[in-house]
Structure formats: C-alpha cells, structure tokens
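S.K.: missing the sequence, but the structure's below:
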C-alpha cells in the first residue's frame, strides 16, 4: 500500500498510466494482432519527442517565461545542413554529427545572446531566432532532397535486440539528462533559478552562466534530433520540425514537470511521449475522422493534465 | 473645546506575536500640526494605517470628527476628510496626473471632468510649489521622482468635494530638494493656520521642529512623549526616542587590531557619503532608519564579489536574507536543499552532489542552530519563519566565506535563537570572518565592533568602540539638529 501511495505521489505516474491505458485499449481493439509492431513504432517516434522534450524541459525548469520556440527551426536546419554536408558519403557520418551539434551550439548561443544582450523575453527572442534559422534552412535547402548515407539510414531505422536504435539513443540521452537534473550541481542550480532567480543569485549561483548553458543544451538536443530524424525519414524536409514545437512543450507539461519551473522530471517525458504517439494511433485504429481525432486528442490531454496537477513538492 | 478631527483611543494592533501598537491614544484637532517621530518599529506606520483606515485596530477605536459613523475603514477615513501622502509613492505610473486625480477624488465626474481636474491641479500645484514646471497633462511615468512627490502632495491637498481636514504626510520631503521642501512646509503651515490639521512624519528633525505645533514621540508601539513643540529641542527629541529607562551596556567589546588586513574598502564619494572599511574578523553594523540604503549597499557588495556567469568561489562572500520570500528561500525545496545550496561544490564528487555528505552537513547545522524539525527532508515551508531564518543562517555559515553579509536577518526570530546566533557570530568573527550586519534593532547594532549610520542612501556617520550607543545612532539617523 505504501509503495502504491509513493508511486501515486510521483508527478510522472499519470503520464505512464495514461500511456499504458491507451496501449491496452489499442491492442484490445486490434485483438493483439499488431502489438509488437505498434510497440516498436511507438518507441521510435516517442524517442524523437523525448530528445527534444528533454531540452525543452531543462529550459522550462528555469522558471516563468523560459521556453525555446526555435526548436523546430533548429531541427530543420540541422537535418538539412548535416545531410548536405555528408552528401551520402559514409565516411562523413561523424563529421556530419559534429556539424549538427555545431549548429545547435550556434543557435543556443545566439538565443541567449538575444535574451541577454537585447533584453528580449525568451519567448520573443527564440521565436525571432527561429525565423532566422528557418530562412537559413530554406536558403540552403533549395528543394534538394539529399539522401542520408546508407549506413546511417540503416542505423536509424534498425534495431538492436528488438529495440529500435533511436529508442536506445533516446534512452541514453535521458539517463544523461536525468543525472544532470537529479544528481549534478547544475541540476540544483536550474531548479533554484526556476523557484526564485533573485534568491539563486544571492545564494551564489551563477544565474546567467547556468541559463546560458541550458539554452545551449536545449538547442544541441534539438539539432541532434534533426540529424537523426532526417536520416530516419530518408532526407530533410522543410517542415520536418513543425510538429515538435507543441510536442516538445506538451511532453514536459503532461509529464508532470511544473510549468512554472523549478520542479521537473525525466521519466514523465518518456511517459508523455509514448502517450502522445499512442493516442493518435489509438484514434486512428478506431477509424475516427481527422476532426474528431484532434478534438479527442485535446480532451484526453486536458484530462491527463488535470489528473497530474495534484502537485507534490520535490523532496 | 472643539471636537477632534480624528481620535484614536486605546488602539492596539498585533501581527502574530509582534505587538505593533499597544493602547495608543492620539487626538488631532483642527489647526494642529502634529509631528510624529520614532525609530524603526516604533509603530509610526501602524498608527498612520489605523488613522487612514487601512488597518482596523484589534482593540480600541477610531472616530472621525467626533461622529461614530456607520462606515468603517478607508471610506470612513475619507469621509472624515483624512488624506494620506504615502512614503512609497502611490500614483499609478501608467496614468496621467488627471486620471490619478480621478482615482483619488470620486467627486471628479460628469461632462468635462478632465478639464476641471486639470485646472484644479494646476492651481493647487502652483499654490504649494510656486514656480514649478510640472506638465499637468503628462503621464506620471514620465515624471521625475521629485515631480511625482510634488504631484502626490498637491493631489492630497485638492478640494473637490469638501476640503481635506487632516493630511497625513509620511516622509513627504524624502525626494524633494531643500527649496521644494521649504515650499511644501510653508504651505503646510499656511494650511494649518487656516484651520486644517496635519500629521507629519519625517526623519529630519529640523522640519518637525519648525513645522509642528505638537510633537508625539513613539517607541515600541506606544506613545512615550506628547508635548507642545516649544518644550522640545533637537537634543531632547533624540533623547525621548531612545531608551529612557535602560541604558544599553555594551558587553564583550573587542578591539580588532588595526594591523589585521582590510577585506572591504569602499572610498568616500559625495553620493554615498563616508567610505566603508572592514577588517578581517570585524563585525560591522549598518544602522539608521529602515530603507535608507543599507540593503542596497549589501546587494552591491555581493554582486561586486560574485560572478553571474562563472561558478562562484564560496570562500569569498555569503549573504543572509532578511526578506526570505524575496531573496532567501526556495519554496519547493526541502530544508536540507535550502541549506546546502550555498556550498554544493564542497559536498560534491565529480560535479554530482554526494547525498551522504549533504546529510552530514544538514545534521551538523540542524544541531548547531537548533532547527526545530523532525526531518531535514521536510519542505522548507513546514518551518516557522524563525526556523526558516536559521536555515538561511546555516546556509551562509556552512560556507567558508570570508565575508558574511546579513540583511536584517533577525526579524521574527525568537530571543533564545537570537542569543545562539549572536554567540555563533562572535565565535566566527574571532575565527577571522568578517560580518557586515544591517539591523533595525538597536540591541544588535550595539553588538557590533564598528557601526556605519545611513541616511538617504549615504553613510553619514561612523561610530566605533564606546561611541556605539543608541543615542549616537539615533542622533545620526535624524538630521537637521545636531544632538
């Protein structure tokens, strides 16, 4: 009973319960015919949301007003430029990855530069940055669709021991971010800043340095997601990042992290990402039209957030 | 015998365990200018709030014009002709002067009220401050601080639906230069001779002595003296504000060697007054009335010595907040995390916080500062205010910081804990730490080795050794008449 209560007191439990319920409902409808393939598709697509969601989570932890809206543009630019750079040459896979990470670093630095130097609120700064980045992607793409190197394409769509490689990458990054958030000094710092930047400053925390690092990490994760997503889908497209704008924020909120900042968790990002994909597949399986599907998605998300909003303070 | 404009009888106000007013009687009659003086926490602001209706006394009564009207609170006060110029300016900066006048005077209604209001304000403003250049159609936000103060004063003297009977002026000259202040005081005297009454609060004793007809001295929530102005001099006024009964004896005064190294050295400038110097192992007090630049000085000292970009060197400086909710506690965190946040580096291995180390430090300081909790993992907000304050102390003292800044940190702390913390401060100072201690409590100021007195954002006096006494601090806090 106490284990049950402890579990219920975790803010991320609701996203996992919701994901599980949706999975069961879908499988029941199909009579268990496609359980395995549904599971694999879910893991793969959820992993992309997880990778961008982790970065967004760190930014949202910084407190009210902190959000990175340049995520979709960064995904697009990094996918486009990395594939163009590699030009299907397998020997350039690692340098291509470095190009993607470099783009993330650049966007992150520029984002915080706008926020700090021009004193623009993050929501405006990252939105205007996203227009610049997106334009850069359009300019460099010019309608070309370059395929990824075959090896990389095989890796991103392949599996290891029945688990999609993308999910393994997502899981590895999640463990790293979990360590950052829950165990490292940096994690304490962003949580403190999210609760009260003034108190954080007076406790000796380098507030600007910490925020800067957080925006950079978020942009790098988005760039990484763009690199993998472009390789997974066989080429970069100019709208490939679009759905990750709302997705990255939604998984943070549904995952039980505090919207007002200061209190975040990694498991919830996974629960919410799985749930978001499963809801859409469930409604597809049931054969609803697009309108009803969107409406039900909205209602279900609201229900989960209400259930999860029984807030419990961090230890 | 005329009926008083306002009569406060036996008013008591308590905030939790703090008794802000204890059975105060105050009557103000027409044609009287009452000067109200007293040190921090004497109850000046509380009595003002009782008179203007913002606070209902827990015991006792307030009546306006001798009538027990059915109304209570602010509306009763306004109906009784009470107006109040607040210390912290109360105009809405996004509205024009005329619109602010409408907020204050509900009588400004009907077609063309803006035009009428504008004319009224312009007349009144040039009556109070002849030759002023304030543009009365301007938005308040575009005015300078002195202009805002002038407008606020003029608006309160405005006669819209009935003339003001009692105008409360709470530090009205704090942002005016001497010429403007003199104009205002001249207007106050004229207003009073014309049958109006005024309650004037000021830390400039010259103003009080030159303008009032009667002076009320408050201390510790009670009135300790109320006599006609002719019976006071600057010196006797300062004496009346101090402890009449007990004279503070300074215990355990140490003399810090002049040879010990200087850790803080701020040169004197015309704006900030005398310089500030602190040696290793000294306890420096920052005294003066509340809000006269002491906190700003502490914040500037901290910012100067810590980086906003790179990890902080915890052996340099630490800060103990007094306004916990503003810049002290992290409300979502446990007691332990609130304590350890100041010195995470020392508790960590390879950038990750070591739980066992953290628990050990928590247990050590829980015992040292007697934090009353069964478990350091409970939320910080489960503690009483005084215990939260102990956590903030422990946060600063558990670091190896050479300099500890304290921003009036003893508010709401019980006497037993205070004694414990005083002895910890003593011991830590002996061991070589420097404390810069802003306090509004005279007892604490008297514990310091050296004291700087602040007035209007500048350091106006330095007291050391036996000069540190309530009398000297009070004399320096109130300017105008040398004591």
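M.R.: Happy to help now that I have it. Keep in mind that this is a model prediction, so the values were computed, not measured.
S.K.: okay, the residue in the stretch 101-250 of chain B that chain A sits nearest to: pLDDT?
M.R.: Going by Cβ to the nearest Cβ, chain A is nearest to residue B:141 of the stretch 101-250 of chain B, at 18.4 Å. C-beta here means a position set from N, CA and C on the backbone, and glycine is covered the same way. You'll see residue B:141 listed with a pLDDT of 84.
S.K.: quick one: secondary structure of it?
M.R.: Secondary structure assignment for residue B:141 (DSSP: H, G, I helix; E, B strand; the rest coil): helix.
S.K.: in chain B, where is pLDDT below threshold?
M.R.: Low-confidence segments of chain B, defined by pLDDT under 70, span residues B:1-2, B:16-18, B:66-71, B:87-88, B:243-258, B:412, B:414-415, B:479-483.
S.K.: tell me which residue is most central in it.
M.R.: The centre of chain B sits closest to residue B:290, judged by Cα atoms, centre = their mean, with a distance of 3.0 Å.
S.K.: that one contacts residue B:440, correct?
M.R.: Yes. Counting by Cβ atoms under 8 Å, residue B:290 sits close enough to residue B:440 to count as a contact (5.3 Å).
S.K.: quick one: residue B:281 is in a strand?
M.R.: No. Using three-state DSSP, the assignment for residue B:281 is coil, not a strand.
S.K.: how deep is it tucked in, by neighbour count?
M.R.: Close neighbours of residue B:281, defined as other Cβ atoms under 10 Å in any protein chain shown, add up to 21.
S.K.: do residue A:147 as well
M.R.: A count of neighbours around residue A:147, defined by other Cβ under 10 Å, yields 15.
S.K.: what do you get for the one 10 residues further on?
M.R.: Neighbour count for residue A:157, taken as other Cβ under 10 Å: 15.
S.K.: ok, and the closest non-adjacent residue to it?
M.R.: Nearest non-adjacent residue to residue A:157, counting by Cβ to Cβ, 6 or more residues apart in numbering or on different chains: residue A:232, 6.1 Å away.
S.K.: surely the one you found touches residue A:166?
M.R.: Yes. Counting by Cβ under 8 Å, residue A:166 is a contact partner of residue A:232 at 6.5 Å.
S.K.: overlap of the contact sets of those two?
M.R.: Common contacts of residue A:232 and residue A:166, defined by Cβ atoms under 8 Å, 6 or more residues apart in numbering or on different chains, comprise A:44, A:48, A:156.
S.K.: out of the residues you listed, which is nearest to chain B?
M.R.: Each of these was checked against chain B using Cβ to the nearest Cβ; the closest is residue A:48, at 28.3 Å.
S.K.: one step back: measure the residue nearest to residue A:157 to residue A:55 for me?
M.R.: To residue A:55, residue A:232 is 18 Å away according to Cβ to Cβ, to the nearest Å.
S.K.: who's more crowded, those two?
M.R.: Ranked by neighbour count (other Cβ under 10 Å), residue A:232 and residue A:55 place residue A:55 first, with 30 against 22.
S.K.: residues in contact with the more buried one?
M.R.: If you count contacts by Cβ under 8 Å, 6+ apart, then residue A:55 has A:68, A:71, A:217, A:218, A:219, A:220, A:221, A:222, A:248 around it.
S.K.: OK, contacts around the fifth one?
M.R.: If you count contacts by Cβ under 8 Å, 6+ apart, residue A:219 has them with A:55, A:68, A:70, A:71, A:74, A:104, A:105, A:106, A:107, A:108, A:111.
S.K.: helix or strand for the closest residue to the third one other than its chain neighbours, which one?
M.R.: It stands for residue A:70. Closest residue to residue A:70 apart from its sequence neighbours, by Cβ to Cβ, 6+ apart: residue A:130 at 3.9 Å. Counting by DSSP states H and E, the element that carries residue A:130 is helix A:122-141.
S.K.: other SSEs contacting that helix?
M.R.: Judged by 3 or more Cβ pairs under 8 Å, 6 or more residues apart in numbering or on different chains; DSSP states H and E, helix A:122-141 is in contact with helix A:71-86, helix A:93-117.
S.K.: and the angle from that helix to helix A:71-86?
M.R.: Relative orientation of helix A:122-141 versus helix A:71-86 (axes from the mean of the first three to the mean of the last three Cα atoms, to 10 degrees): 30 degrees.
S.K.: got the contact list for helix A:122-141?
M.R.: For helix A:122-141, contacts defined as Cβ under 8 Å, 6+ apart pick out A:59, A:65-74, A:76-77, A:80-81, A:84, A:107, A:110-111, A:114-115, A:118, A:120, A:215, A:236, A:238.
S.K.: give the contact list for the closest residue to residue B:408 other than its chain neighbours.
M.R.: Nearest residue to residue B:408, sequence neighbours excluded (Cβ to Cβ, 6+ apart): residue B:322, at 3.9 Å. Residues in contact with residue B:322, defined by Cβ under 8 Å, 6+ apart, are B:295, B:328, B:406, B:407, B:408, B:409, B:410, B:411, B:438.
S.K.: just the residues you listed: which are in helices?
M.R.: In helices, defined here by DSSP state H, the members of these are residue B:295.
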